[in-house]
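Fold the following and give me the result.
(one chain, ligands or ions: 2)
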Amino acid sequence: MKSSLMPLGPPVSRDRVITNFPKWYTPDACLQLKEHFHGQVSTACQRRNTGTVGLKLSKVVVVGDLYVGKTSLIHRFCKNVFDRDYKATIGVDFEIERFEIAGIPYSLQIWDTAGQEKFKCIASAYYRGAQVIITAFDLTDVQTLEHTRQWLADALRENEAGSCFIFLVGTKKDLLSGAACEQAEAEAVHLANEMQAEYWSVSAKTGENVKAFFSRVAALAFEQSVLQDLEKRHSTRPQVGDGDLIRMEGSILETQDSKKPPTLSCC
Ligand SMILES: Nc1nc2c(ncn2[C@@H]2O[C@H](COP(=O)(O)OP(=O)(O)OP(=O)(O)O)[C@@H](O)[C@H]2O)c(=O)[nH]1
Ligand SMILES: [Mg+2]
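Ligands and ions are numbered 1, 2, ... in the order given. Predicted structure coming up:
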């Protein structure tokens, strides 16, 4: 989807530009099978009618046992580095990654949480408001896969049921091959279906699937944000008092800079 209109925000690097809907890792455990943006989303993007979506940060929370490679995965994607030495995350950390999706600027705020038990209470304070939950485990350590159930339950407790996209990610793919890899993936796919999650295998060391994975996360979150924004704006009843914006049928009027105050009918 290419637009001849002026860009809406500062340019992003070429590998953060998403024009086609990124594909799943395996059709056996994926959140949706379609390969195109939703029709309404494509139209809204072409018309630059995506409301406040380009101004928001969508929250992504990464959880999982200590040492599974959460920080390494995020650093490979955001900084394109890999560190062989282990430095435990203390509490939480985050990175902001800017994309341009179907011509619209879009940002993810990726929260990296500590897997160590002693930091869990600090980290869990940051689970709230997640649009995406990534539960990570080490493909070479089956126990860490079993623990993802509990990590997910903890993260979901702080969020509205059904409001988050869930991903199950097997890390350190470079350490496994052949039948061992197939076996680990089969178990993970089974659990992903139970969790209603999308499954990915990645390697922060080699970078395999890392960019494709985060592009998929960004595209799914973006599409959901645009659809939610359209739905809100097209709701028939005018609503007053959503932050500093007044919403009226299909339009957003900013309260501070409007020359003429909007006329609202009383409900
Ligand atoms: N071979 C290989 N090693 C990896 C990979 N990802 C991470 N590691 C190593 O695994 C160890 C733990 O990685 P971290 O990213 O620090 O793990 P973490 O999940 O953030 O750990 P906590 O912050 O304690 O929760 C480090 O020594 C990494 O170098 C990978 O894809 N392949
Ligand atoms: Mg870490």
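
Mind checking what secondary structure Phe137 has?
Three-state assignment for Phe137 (DSSP: H, G, I helix; E, B strand; the rest coil): strand.

That one reaches Phe167, doesn't it?
No: Phe137 sits out of contact with Phe167 when judged by Cβ atoms under 8 Å, with a separation of 11.4 Å. The C-beta positions use only the backbone N, C-alpha and C, and glycine is treated the same way.

shared neighbours of the two, which are they?
Where contact means Cβ atoms under 8 Å, 6 or more residues apart in numbering, no residue is in contact with each of Phe137 and Phe167.

Please enumerate the helices of the stretch 151-267 of the chain.
For the stretch 151-267 of the chain, applying DSSP state H, counting those that start in this stretch gives helices covering 178-195, 210-234.

same thing with the stretch 1-150 of the chain?
In the stretch 1-150 of the chain, the helices defined using DSSP H, counting those that start in this stretch lie at 39-46, 70-79, 120-124, 142-146, 148-157.

counting contacts, what elements does the fourth one pack onto?
Counting contacts by 3 or more Cβ pairs under 8 Å, 6 or more residues apart in numbering; DSSP states H and E, helix 142-146 is packed against strand 132-138, helix 178-195.

List the beta-bridge partners for Val169.
In this structure, Val169 bridges to Ala136, Trp200 when assessed by DSSP bridges.

Might you report the residue contacts of it?
By Cβ under 8 Å, 6+ apart, the contact list for Val169 reads 73, 134-137, 199-202, 213.

what do you get for Leu139?
Counted by Cβ under 8 Å, 6+ apart, Leu139 has contacts 170-173, 175-176, 181, 184-185, 188, 201.

Show me which of the residues you listed is closest to Phe222.
Checking the contacts of Leu139 against Phe222 with Cβ to Cβ, the nearest one is Ser201 at 23.4 Å.

distance of that closest one from ligand 2?
Distance of Ser201 to ligand 2, computed by Cβ to the ion, to the nearest Å: 19 Å.

Could you do Ile90 as well?
9 Å.

wait, doesn't that residue sit right on Phe119?
Yes: Ile90 is within contact range of Phe119, at 6.0 Å (criterion: Cβ under 8 Å).

Neighbour count for these two, which is higher?
For Ile90 versus Phe119, neighbours defined as other Cβ atoms under 10 Å are more numerous around Phe119 (17 against 12).

For that one, list the residues it contacts.
Contacts for Phe119 were tallied using Cβ under 8 Å, 6+ apart; they are 89-91.

Contact partners for Thr148?
Thr148 neighbours (Cβ under 8 Å, 6+ apart): 64, 135-137, 168, 191, 195.

on that earlier part again, put together TSV for the helices of the stretch 151-267 of the chain, with mean pLDDT and mean neighbour count on each row.
Listed next are these as TSV, based on pLDDT from 0 to 100; neighbours: other Cβ atoms under 10 Å:
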stretch	mean pLDDT	mean neighbour count
helix 178-195	97	16
helix 210-234	94	20
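
circling back to that earlier point, between which two of the contacts of Leu139 is the distance greatest?
Farthest pair in the contacts of Leu139 (Cβ to Cβ) is Leu175 and Ala188. Separation: 14.6 Å.

burial of the residue in the stretch 101-250 of the chain that ligand 2 sits nearest to, as a residue count?
Here the stretch 101-250 of the chain gets closest to ligand 2 at one residue, Asp112, 5.8 Å apart by Cβ to the ion. Per other Cβ under 10 Å, the neighbour tally for Asp112 reads 24.

Then Val53?
With other Cβ under 10 Å as criterion, Val53 counts 24.

Identify the residue nearest it in space, chain neighbours excluded?
Leaving aside its sequence neighbours, Val53 sits nearest to Ser225 (Cβ to Cβ, 6 or more residues apart in numbering; 4.7 Å).
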